[in-house]
Structure formats: C-alpha cells, structure tokens
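A.B. asks: let me see the structure of the following:
(2 chains)
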Amino acid sequence: MALSQDLVPMRWPSGPLEISRRQKSKGFTPQAQQTLARWHEPAALELLKDTLVNCLVISWAAGLPEDAQQQNTAAALVAEASRRKLSVVGWVEGTADHNRAIGAARAAGLSAVAIQGFKGKPDPLVIAWGDRAGAPWDSAAPVLPITGNVWPGVAGRRDGGTSAGPTGVPWLDSNGWYIQLARARARSDIWVMFDPPGGRTVVPERSYPMAVCDSEAAGGRWVISLDDTLRARLTEEDATAQQTWKGIAAATAFFQKHSAWKFYRPLGNVGVISDFSGGNFDVSGEILNLLSRKGALYQVVWKQTAGAQPFIGLKALIYADGAPPSSELRQKILAFVASGGLLVTGPKWGSEGKSLGPDAHPRFDVRALGKGRLAVAKEDLDDPYQIAIDAQILLSHANDQVRLFGGGASAGYHLTGPADGKSALLQLLTYASARGTSQMAVWVDRNVRGNRLWSIQAVEPAPVTQVAGEYGGTEFHVGSMPAYAALELTL
Amino acid sequence: MKNQWNRREFISGLGAAAGLALGQPARMRAAVPTAPVAVARCKEYGAAYLETSQKLFDQLGGLEKLVKGKTVVLKINLTGEAYYRLGFLPAGRAHWNHPGSIGATVHLLNQAGARRIRVVEGAFAWPDSLPEFLYTAGWDPNVILGAAPRVELLNTNLPFPGKKPYTRFTVPHGGHLFPAYDLSTAYAECDVMVSMAKMKEHATAGVTLSIKNCFGITPTTIYGDRCGTEEPSPIPYAGRTGIMHNGNRQPPKSALAEKDPSSPRNGGYRIPRCIADLVAARPVHLTILDGIETMAGGEGPWNRGVRPCRPGVLMAGTNCVTTDAVAMAIMGFDPMAERGTAPFETCDNTLRLAEELGVGTRDLRQIEVIGTPIREALFKFREVPRATKT
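C.D. replies: Residues are numbered from 1 along each chain as shown, chains lettered A, B, ... in the order given. Have a look, this model is predicted:
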C-alpha cells in the first residue's frame, strides 16, 4: 500500500530488532519480550480490527546485527498487513545503512521507509523524519514524522507531586505549540512521535485519549504508541486494557470524523516571527510553548514566508531572533506597527519611533510609531517566559480572546476557524483528570449567534447555555467538561 | 460621638490610653471605642446600591466629613485567582466585590470631595498591574477608573513606585503575631483607609469581613510563598500559605520576624492574630460590607460545601470591629463567640483579638445600629448550635 495523507498510524514495536534494543534498557521484563515476539506475529493485527488504524510503523533498521533478522521475520506481518489493507512504514534510525534498508523495504513490499534527515536521491519510498529542532521541512513526502515530543499532561515529579511552572502552577506538557509551528511550515501531514512514560510509571487510561486530542486539536497526528503493560494486557485480551484501547480508537475516530477542522486557520492575535532554527528555535519555540501555557493565542509566522503572508487578525508581533529581519520583512513589520500593531523585539531592532520615556516599562523602551507601538527590549531577549508574559501585558489582557473560568490552571485551548469567517472552533483540553472540570465557563471575545458542543463521548453535539459577557463578548456555561471538548461557534 | 479616627488621633489618644494596658490585653476592653453601624436592605448592585450606600454614609455623618480633600485608599476584596467561579456565577456575585459596587463607591467618594482615590488589592500571585488582573477576571477596569477623576488601581503586592516601595507599620502594644508589618507605601500615603469587603464565612478565620479583608494588604513579595530570604522578591510568586498560614518560614530579613516562633503553627491561631494586628497598625476609617449577593460556607469557590446566597443587606461603619460585630450578628453568629464555637470552630475570634489591641468593641450592647435592625436583616449563613446563638 502506497503511503498517502490522512493515515492513522500506530507504532508497532515487535520482533528481534526491538527485543535487542529493549534488552539494553532498564526494567525490560520477560513478559515484555514475549509481547514483542507475539506482536511480530500476523495474528496480532487482529487488534486493529474495527479501528481506524491503517498504518503500522515497524522497526526496520538501526545499524544493529538484528537488522537483517528483523526484516526477514517481518515478512509474514507485512503480508498480513497488506491483506488487511494496512500501510507499513519501516523505521530506520541509528547507524543503519540507508541504501540497504531501502532495498530491503522495497523487496519486502513496505509502503515506505522513514529515515532521519534523509538527503539522498529522492525516492517515493522514502520519507524523511527528524527531531523537533531538525525537522526536514522541505520533505515532499505525504507525512512528516517528528520525534522528541512530550507525553501530554500535567508533568509529574518523582515524589508523586506535580512539577510547578514559573508561576507555581502545575506545569503542563503539550505538543500543541510545536504542531502549530510545524503546520505553519510543512505541506505534509505532521506525525508526532512520542511514547508513554516508561519505567515504573503507570500510564492512566485517560492519558491515551489525551495524547490523541492534544495532537489532533493542534492539527497533528499522534503515531499511537502503547506502553509495555498495556500491550501485554491487550495480548491477553484483558478487559480493562481493551477499554483503554477503545478509548484511543474513539478519540481517533472522532477526529477522523472532523478532519476538516484540521484545515482551519489559527485565530490568535499574537504573531511570533522567527526562522525557528538553532538558538532562535530554542527561544521562539519556547515563547510559543509559554504563550500557550499563559492562555495567549498566537499564529506562527515563519520568517522565510513572512514576506508573502498577510498578518491577518494580528494585534502584536514578537520578533526575538538574534539577527535582524530582511529589509523587506522589516518594512512590512513597521507598516504593521504604524497601522496600530505592537512589535515586541530585541535591543538590536533600531531607533524608529518616539520613546514614551524610561518609566514606560521596566524591561522595554516603548515607542510610539504611527498608530502603534514598538516595545524594544533594553537587554537581549533570552528568557522566553518573561517575553511571553511581557508580550501579553504590553498588548494588554484587554485583548484576550478566550478566558476560562473554573477550569483551573491545567487547561488549554485552540481557537481556529474556516476561511469564510462565519464560524469559529474553540477546542478545550483539560489535562488534569479524566473527569475534567465540573463547572467550566468559557468566554470568547466575539459575539456569537449560536453554538454546539462536541465531545468524544457524545454521539451528537448539543448547545450549551450562552450569555452575553458582562463587558462584551460571549460566555458559555460548558459545565462538567471532559478531557476534551470542542465548541463550534456560529458568528 | 466621634466616630472617625485618623492614624495620628488613634496613636496619640486612644492608642496611648490603650498602651497602659500593654501586655494585659483583656483589661483593655473597657477602653475600646465604639462607633455606630448603618444597616440597610439592598437587593441589587445597580441604582439601588448607589442610593442605599449614599444613605448609609449619610447616616454615619456623611462621607464629606471623612474624605474631603483627602487621599482615600479603598481596599477591595478580590480573593484568589481570577479564574475562580462559584458555579457559573461571576465572581462579583459570589466571593468578590461587585464591579458596579466599587464603581459606585468611587463615585460617591469623589462626590464627597476625595482628592485622590486609590483602589487597591494585593492580587494574589499576579505579577502585574491591577487593571490587567481585572481584565483576566472578565472585568473592565474602566468601570472603576471612569467612575471619577483621579482614580488609580494599584496592585499592592507589587513594590510601590518610587524610592520607598514599602513602609513599616508598627502594631500598637507590640502586636499579636508580628511586631510590625512592611506594607506597600500606598497604605502610608493614605489619609483615609476604607475596607470594602464581602460578607462571607472563612475557612481559616471563621468570617471574612472588613478585618479579614485586610489580610490582602500584606504584600506577597514579602509575606508570600517563594519570596526572598533577604529582600522582598521583585514580583509576587504565590499566596501566603508558608509565612502567614503555617509559619514554616519567616519573611525576608528586610522585614521584622514574628514575635514568637514557638507559637502554634496553624492558621486558626495565626491568621486571626495577623489580621487583628493589621487593622491596629493600619487603622481602617470606613468599612463597607456587601451582603447583597455572596456565598455561604467559606470565602471562595475552592472551599468545600459552599453555596451562593442572597442576604440582601448592605452595611457601613467607621469602626471595623463594631461593623464586623454587627455583620456577624446578621449572619447568625455571636461576635462574642470563643474558639470552638461557631463560626470559630477551629480558630480564634479575630474581633476579640482586635478588641484587645484597642481597635473597637465587639459587644453588641455597646454598638448603635442605625437603619435596619439586626433582627430584620438577619440572614443565617448556617444553623448554629443553640448554645452559641446570639
């Protein structure tokens, strides 16, 4: 089966290569080894019956002695996958010989081989993958697998508590910001690769659907990956494990049903401009992450394409790259400011604008330019957390687009909409618990004519009570919110 | 009867008399002042609020006498993070002041001739201005800022702008918990201090009224979790659990340490003492208590078993102890109640502690109630065992 877009992929760890790799890891048990062996058997694919999973990502080559054995013994699995109309991607990593891996894949009838940063002769069989900082953005393959992602949820500590962020509130792990960044650049489907926490960590049932939702709400696709215990229990047809599996399948099916949402454009009013490479990726990427955590909605503006991209719906731009933008982009940014926008940038920007005085801001020289403002940092912009907070305040929370009440600090959201502007979609995620939040109210900054709330559990959407905000906008009484819900708004 | 005391009068007159009883707080009861409390029924925050509060102030002798030509600090009551809600109720109809009531009060203060009005709150762990905090709560700060000229909104958790960010306020008679508190200089640049609170119960202190409202004047840069050990932190990071509630550490060395580090390390002992200290050190000249729409069972949505309620009462007074005492009676509690009885089941009686510091009497027999009698305004926040009924 040739690889196409809109696949539902699943990491399928099995066979001698996987066993060899895992044997070197701490806590690898005989049971885990047995499961890896059983998952190499064609019968194991019965698990996928009645699910939307239609693509397996199997270990193919890692530059280890077991590579050849892996490829040979996978034949039956690949054949059964083909019979079930499943695509199969061979995962190549480490010091594997790329040409040999490609040849073996072609001979075995794989749909594709995924090779890190592949730069060889273009081959329709090959898809390039990369980690977050080194993604092969120019890949022409239908999918772009990205590694180095996090397991979404409230970050845990070894003592059983939760990690605190800079404000003392629980720290949330989410891949949403990175997926937005990737989708703003890549033409391919974004596959986010991440595994459940390993070791002794017990992976709660609820966190699997959240892994799906966190990725899909941002427009990406998680390559489903199960922990050792769950795989073993599924193999044993354990009822609880099957329930977890059904939860993953239901979440996946939900987003397949709403695949059009993935093509909605972000409606955030803060634009983050960067080339997102090297140190700029570290700073501007983390700014995206922290803007998310602070509830700010943003759009990713790649410097490479910013010249041709209109700044639709933006009220502020953050430019934190070390090097100045091109002359053309600089002029475009200044025009944005002059027309009423805000630019938050570093000390090397230049001298345009009339300073509002040394006391206007402790960390920025705030200058008036036309109808807008330049906020030029007095020192280098190297603290993404401070930049995210300062940008929000410089813009003012008067320009907040969404506010959650009763949701606590463990919630996140995405606001997107179709190009016609007649509707908007607010996707809400509560990371803290399976039950979600009991009395959540949501406010959006615009007038809304009608709404309907989707959740994974409900068969049909239902409207929730909406009232006019006390000072403008519209408030929705969502009530007891599950881990994920989507509010479709008619504007 | 003189019922308005400024800080100088308090210290030189009454305070001096009370000073004779230093170390013998129980003997001071006879010396503590009283002041009338005005009470009225009020059902809503619109025009009726404005009219009713104006009437209450007039019954107390008029705002003009108190605030004309003065810098007024209006301490409002916005407890907790901005995103908390009791069910779907906006915070102003449950655990916070209503924005309309603040705007109306600012309007009346201005009409009475206040020279400058600073609306202040120590906005939990919020690291920026009070207007920005209000936006995150869904408020429009311009409702307050636009209610009168020369109005400022200040987050007094942040250092006060200028060369002197904090001012030390010494507690008369040595204080219960701390001998002095370092507060925003906004509380020193203040001729008239107003405590505008919501009428609520409180999980730690029994009741949230005008005295408890002053807990929020302690800056979390000095008395909050994760503040500095030597100096105040530049911005607030968290609430006041460690230093104030639990006493598991001292404030930065730039502030004075507590009096007795061997005293009980629990909130029920510490918080009532702290807030009694605060209203003695930073006297309150006018108290406004909003019992129009509020909540019962605790001070915020984070407490278990809380519920919204509508007592429909508004009160004002010029002595925070007498006003809180009348408010307690209206809530169905006995202001003379001791620890172990409602609403002080697990804490000491703040009013008694403030009374010991000479702030005011809690004895209802010595307090004149103007307007609606207590029995007519009575709204029981909960059933109180018969032995402790008023």
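
A.B. asks: show me which residues of the stretch 251-390 of chain B sit near chain A.
C.D. replies: residue B:301 (Cβ under 8 Å from any Cβ of the partner chain). All C-beta spots, glycine's among them, are computed from the backbone N, C-alpha and C.

A.B. asks: does the closest residue to chain A within the stretch 251-390 of chain B sit in a helix or strand, and which one?
C.D. replies: With Cβ to the nearest Cβ as the measure, residue B:301 is the residue of the stretch 251-390 of chain B nearest to chain A, at 7.5 Å. Secondary structure assigned from DSSP states H and E places residue B:301 in neither a helix nor a strand.

A.B. asks: tell me how many other residues crowd residue 257.
C.D. replies: If you meant another chain, say so; for now it's chain A. Neighbourhood size, residue A:257 [other Cβ atoms under 10 Å in any protein chain shown]: 11.

A.B. asks: was after chain B, sorry
C.D. replies: Using other Cβ under 10 Å, residue B:257 is surrounded by 14 other residues.

A.B. asks: so it: helix, strand or coil?
C.D. replies: Following DSSP: H, G, I helix; E, B strand; the rest coil, we place residue B:257 in the coil state.

A.B. asks: I'd guessed it sits against residue B:247; true?
C.D. replies: No. Applying Cβ atoms under 8 Å, one finds residue B:257 not in contact with residue B:247, separated by 10.6 Å.

A.B. asks: which parts of chain B are helices?
C.D. replies: Taking DSSP state H as the test, the helices found in chain B are B:7-9, B:15-19, B:47-59, B:63-67, B:99-111, B:130-136, B:142-145, B:210-213, B:220-223, B:267-281, B:320-330, B:350-356, B:374-377.

A.B. asks: show me which residues of the stretch 101-250 of chain B sit near chain A.
C.D. replies: Applying Cβ under 8 Å from any Cβ, we find that the stretch 101-250 of chain B lies next to chain A at B:125, B:127-129, B:132, B:135-136, B:138-140, B:143, B:225-226, B:237-238.

A.B. asks: can you rerun that using 6 Å?
C.D. replies: For the stretch 101-250 of chain B, the contact set with chain A under Cβ under 6 Å from any Cβ of the partner chain comprises B:128, B:132, B:135, B:136, B:138, B:140, B:237, B:238.

A.B. asks: ok, now which ones touch the fifth one?
C.D. replies: It refers to residue B:138. By Cβ atoms under 6 Å, 6 or more residues apart in numbering or on different chains, the contact set of residue B:138 is residue A:443.

A.B. asks: let's see the pLDDT reported for it.
C.D. replies: Note on residue B:138: pLDDT of 95.

A.B. asks: then the second one?
C.D. replies: Looking at residue B:132, its pLDDT stands at 97.

A.B. asks: any idea how far the spatially most central residue of chain B is from chain A?
C.D. replies: For chain B, the residue nearest the mean C-alpha position is residue B:213 (2.7 Å; Cα atoms, centre = their mean). As defined by Cβ to the nearest Cβ, to the nearest Å, residue B:213 lies at a distance of 23 Å from chain A.

A.B. asks: wait, that residue touches residue B:197, no?
C.D. replies: Yes. Counting by Cβ atoms under 6 Å, residue B:213 does reach residue B:197; the two are 3.7 Å apart.

A.B. asks: joint contacts of those two?
C.D. replies: Counting by Cβ under 6 Å, 6+ apart, the residues touching both residue B:213 and residue B:197 are residue B:77.

A.B. asks: how near is residue A:271 to chain B?
C.D. replies: Look at residue A:271 and chain B: by Cβ to the nearest Cβ, they are 21 Å apart.

A.B. asks: which SS state does that residue fall under?
C.D. replies: Assigned with three-state DSSP, residue A:271 falls in the strand class.

A.B. asks: who's in contact with it?
C.D. replies: A:299, A:301, A:314, A:317.

A.B. asks: next, give phi and psi for residue A:48.
C.D. replies: Main-chain dihedrals, residue A:48, degrees, to the nearest 10: phi -90, psi 0.
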